[in-house]
Structures are given as structure tokens and as C-alpha cells.
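**Q** 3D, please:
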Amino acid sequence: MTEAQLKTAITSPWPFFGVSPQGDVLARYVPYGPVFRWSWNQMIPMPVQGSDLCWLLHAASEEGHSIADTEAPRKTKGQ
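**A** All right, here's what the predicted structure looks like:
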């Protein structure tokens, strides 16, 4: 999806599924529900919603990375 299409989907109350130009997989499963992001084989609710999430996606695209690149790296069980 383009940034404009994602912004429209995020700010509307309706379910959607889409991939940002930076590769972030985002979805809303129920009307008026939270937006989720795909991470490590699970869907994680985004800490921000609505226009704040649009701003976060826009800032990440200006910096040239996905919003998943801002996460702390996970440690494996053996470490």
C-alpha cells in the first residue's frame, strides 16, 4: 500500500491488512479495534494508534527504515 492508502486505512475505523513501503505488515481485524504489526511470527498491538501511528510511519520512512528497526534486539534462549 502507499503511504496515503495506509494513512486512510489507519485513521478509518474499518478492518484492513496492508504492507507499508518499508515492509511493515499492519492490520486491524475488527471495526474500531487497534492496529497490529507483524513481529516474530505474531501480531503485536501498536503502542500508538490513529494519527500518531501515521506520524510514526512517516518519520520512519523519512529516516529510511521500518518501524520494526526501532525495536531492541531479542536475545536467544542460550544467552
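**Q** remind me, longest helix of the chain?
**A** Using DSSP state H to define each element, the chain has its longest helix at helix 51-63.
**Q** contacts for it?
**A** Residues outside helix 51-63 that contact it (C-beta atoms under 8 Å, 6 or more residues apart in numbering): 3, 6-7, 10-11, 20-22, 24, 35, 46, 48, 66-67, 69-70. C-beta coordinates here come from the backbone N, C-alpha and C atoms, glycine included.
**Q** What would I type in PyMOL if I wanted to highlight the buried members of the residues you listed and nothing else?
**A** Here is the PyMOL selection string for the buried members of the contacts of helix 51-63, based on 16 or more other C-beta atoms under 10 Å:
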select buried, resi 6+7+10+20+22+24+35+46+66+67
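**Q** related to what we said a few turns ago, got the CA positions of the longest helix of the chain in PDB?
**A** The C-alpha trace of helix 51-63 is given here as PDB (Å, rounded to 0.1, in the frame of the first residue of the first chain):
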ATOM      1  CA  SER A  51      -2.700   9.900  13.500                       C
ATOM      2  CA  ASP A  52       0.100   9.200  15.900                       C
ATOM      3  CA  LEU A  53       0.800   5.900  14.200                       C
ATOM      4  CA  CYS A  54       0.700   7.800  10.800                       C
ATOM      5  CA  TRP A  55       3.300  10.200  12.100                       C
ATOM      6  CA  LEU A  56       5.500   7.300  13.300                       C
ATOM      7  CA  LEU A  57       5.300   5.600   9.900                       C
ATOM      8  CA  HIS A  58       6.100   8.800   8.100                       C
ATOM      9  CA  ALA A  59       9.100   9.600  10.400                       C
ATOM     10  CA  ALA A  60      10.400   6.000   9.900                       C
ATOM     11  CA  SER A  61      10.100   6.400   6.100                       C
ATOM     12  CA  GLU A  62      12.000   9.700   6.200                       C
ATOM     13  CA  GLU A  63      14.800   8.100   8.100                       C
END
